[in-house]
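Enquirer: I would like to see how this sequence folds:
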Amino acid sequence: MRNVSGKLLPRAVCAAAALLILVTSGCGAKGTYTVIDASAMTEMKDVSARTVEGECLVYTKKGDVFRAEDYKVREALTGVIVNPPQHTVMDAALQAEKWLDAGERVMIIYIDGLGWQAFMRAAEDGAVPNIGKLSAEICASVYPTITPVNYAAMVTGRPPAENGVTKRGIHAVECDTVFTYASSLGLASYVSEGDIQILALPDAELELSPDLNGSGTGDDEIFERAMEQTGSCDLMLVHFHSVDDSSHEYSPVSDEARDALVAADTWCGELLAAWDGRVIITSDHGQHVQDGTGDAAYADRKGTHGDFAVSDIFVPYITR
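Expert: Reported below is the predicted structural model:
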């Protein structure tokens with residue numbers, strides 16, 4: 001039974017001219033939340049007078065992310081999530097470390113590009129029976145909502161300002177990862193990745209898997225390599241890419257993106273059956289239909305991401 005309530009609204013942005021901010025809203029397990037794009041707040045003459053009321057998750061321009069209560073703006077912000085979800089992607093590393101401390105084996109399944117909205121649509125339709133039956137909560141990404149930045153936050157438990165991965169082109173983190181922690185406990189770690197090494201992870205055995213069989217995705221090879229290692233490591237990360245790839249190519253609301261998620265769910269089901277320990281399934285970002293915003297790297301695609309928006313910043317956090 002999923003411990004979620006409500007359903008996210010479609011991506012919608014309205015201008016709040018008096019405050020010079022952009023707002024998107026929806027519903028989560030804690031009720032109504034508001035995502036504020038605060039990029040224009042710094043243009044106000046008296047920034048120090050602006051107070052964000054209530055519990056919030058604050059994103060600074062320098063790449064810090066922290067929780068606050070009735071936060072008074074004293075620095076340039078990227079945005080604020082009011083009444084935020086309990087989890088951020090940083091919790092994957094922090095939760096994994098707690099479970100490793102308790103003697104549990106941990107597998108992190110990272111489904112690239114899977115937003116909360118796409119997951120909920122599929123779960124409610126019964127299209128993802130394996131991951132859909134687990135405990136799922138809404139989760140906030142760090143910013144910018146792109147792969148390397150959130151991947152680094154996911155494996156370090158620290159925001160971009162602390163781990164050093166703040167944009168594309170940075171491959172080395174500046175702090176320990178969950179794999180470093182596992183190594184300090186004398187535990188073995190394994191990462192099943194696609195055809196490109198996104199981050200340097202020196203404390204884990206990393207295996208790259210290109211699309212050798214010409215299926216159109218390397219995810220089947222990523223899955224096969226991971227299955228071979230389920231009995232030989234204490235900490236595993238499996239990074240599936242086809243949901244993100246299909247969402248870019250055909251849009252995040254396309255049949256192709258849905259089919260990619262269905263396939264990922266099937267692979268997840270087999271991994272769940274083979275793994276006798278704890279599991280975290282999450283993502284780095286969602287996507288929205290191309291509207292001229294988002295990451296310039298995907299300007300010619302039908303799906304994009306990179307914005308501080310409901311569609312991009314909220315992802316599932318699923319545990320077993």
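Enquirer: So the protein: which segments form each domain?
Expert: Under the assignment named as automatic domain parsing, the residue ranges that make up the domains of the chain are 14-82, 87-319.
Enquirer: Take those domains and write them to TSV, including mean neighbour count and mean pLDDT.
Expert: Every residue, glycine included, has its C-beta placed from N, CA and C. Converted to TSV, these look like this (neighbours: other CB atoms under 10 Å; pLDDT from 0 to 100):
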stretch	mean neighbour count	mean pLDDT
domain 14-82	16	67
domain 87-319	20	97
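Enquirer: wait, doesn't residue 265 sit right on residue 129?
Expert: Yes - Residue 265 is in contact with residue 129 according to CB atoms under 8 Å; the separation is 6.9 Å.
Enquirer: Using CSV, list the CA coordinates for the strand or helix carrying residue 179.
Expert: In this structure, residue 179 is located in helix 178-184 according to DSSP states H and E. Provided in CSV are the C-alpha atoms of helix 178-184 (Å, rounded to 0.1, in the frame of the first residue of the first chain):
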residue,chain,number,x,y,z
VAL,A,178,28.1,6.0,0.5
PHE,A,179,30.5,3.7,-1.2
THR,A,180,33.4,5.2,0.9
TYR,A,181,31.3,4.5,4.0
ALA,A,182,30.7,0.9,3.0
SER,A,183,34.4,0.4,2.4
SER,A,184,35.2,1.8,5.9
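Enquirer: How about residues contacting that helix?
Expert: Applying CB atoms under 8 Å, 6 or more residues apart in numbering, the external contacts of helix 178-184 come out as 92-93, 96-97, 100, 155-157, 188-189, 191, 201, 203-204, 234-235.
Enquirer: closest to residue 314 among those?
Expert: Set against residue 314, the nearest of the contacts of helix 178-184 by CB to CB is residue 92 (15.1 Å).
Enquirer: give the contact list for the closest one.
Expert: Contacts for residue 92 (CB under 8 Å, 6+ apart) come out as 108, 154-155, 157, 178, 280, 282, 317.
Enquirer: Out of those, list just those in strands.
Expert: With DSSP state E as the criterion, strands contain 108, 280, 282, 317 from among the contacts of residue 92.
Enquirer: Wait, the last one touches residue 135, no?
Expert: So that's residue 317. No - taking CB under 8 Å as the definition, residue 317 is not a contact partner of residue 135, at 9.0 Å.
Enquirer: related to what we said a few turns ago, keep only those of the contacts of helix 178-184 that are in helices.
Expert: Those of the contacts of helix 178-184 mapping onto helices are 92-93, 96-97, 100, 155-156, per DSSP state H.
Enquirer: State the pair within these that is farthest apart.
Expert: With distances taken as CB to CB, the most widely separated pair in those is 100 and 156, at 14.8 Å.
Enquirer: what bridges to the residue lying closest to residue 95 once chain neighbours are set aside?
Expert: Spatial nearest neighbour of residue 95, chain neighbours left out: residue 280 (6.2 Å); criterion: CB to CB, 6 or more residues apart in numbering. Beta bridges link residue 280 to residue 108, residue 319 when assigned by DSSP bridges.
Enquirer: check contacts around residue 280.
Expert: Shown in contact with residue 280 (CB under 8 Å, 6+ apart): 92, 95-96, 106-109, 317-319.
Enquirer: which residues in the stretch 151-300 of the chain form strands?
Expert: Counting by DSSP state E, counting those that start in this stretch, residue ranges of the strands within the stretch 151-300 of the chain are 189-193, 205-208, 235-240, 278-282, 288-289.
Enquirer: Pipe these into JSON lines and attach distance to residue 145 per row.
Expert: Converted to JSON lines, the strands of the stretch 151-300 of the chain look like this (distance: least, CB to CB, whole Å):
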{"stretch": "strand 189-193", "distance to residue 145": "20"}
{"stretch": "strand 205-208", "distance to residue 145": "24"}
{"stretch": "strand 235-240", "distance to residue 145": "17"}
{"stretch": "strand 278-282", "distance to residue 145": "13"}
{"stretch": "strand 288-289", "distance to residue 145": "10"}
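Enquirer: wait, which of those is closest to residue 256?
Expert: With respect to residue 256, and counting by CB to CB, the nearest of these is strand 288-289 at 13.5 Å.
Enquirer: Just the CA trace of stretch 57-77, in CSV.
Expert: C-alpha atoms of stretch 57-77 as CSV (Å, rounded to 0.1, in the frame of the first residue of the first chain):
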residue,chain,number,x,y,z
LEU,A,57,12.9,23.6,1.8
VAL,A,58,15.3,26.4,0.7
TYR,A,59,17.5,26.2,-2.4
THR,A,60,20.3,28.8,-2.6
LYS,A,61,22.0,30.1,-5.7
LYS,A,62,25.3,28.7,-4.3
GLY,A,63,23.9,25.1,-4.3
ASP,A,64,22.9,24.6,-0.7
VAL,A,65,19.6,22.9,0.3
PHE,A,66,18.2,23.1,3.8
ARG,A,67,15.0,22.9,5.8
ALA,A,68,13.8,26.0,7.6
GLU,A,69,10.8,27.4,9.4
ASP,A,70,9.6,30.9,8.5
TYR,A,71,12.8,31.6,6.5
LYS,A,72,13.9,35.2,6.2
VAL,A,73,15.7,35.7,2.8
ARG,A,74,19.2,36.9,3.3
GLU,A,75,20.9,35.5,0.2
ALA,A,76,20.1,34.9,-3.5
LEU,A,77,17.8,31.9,-3.8
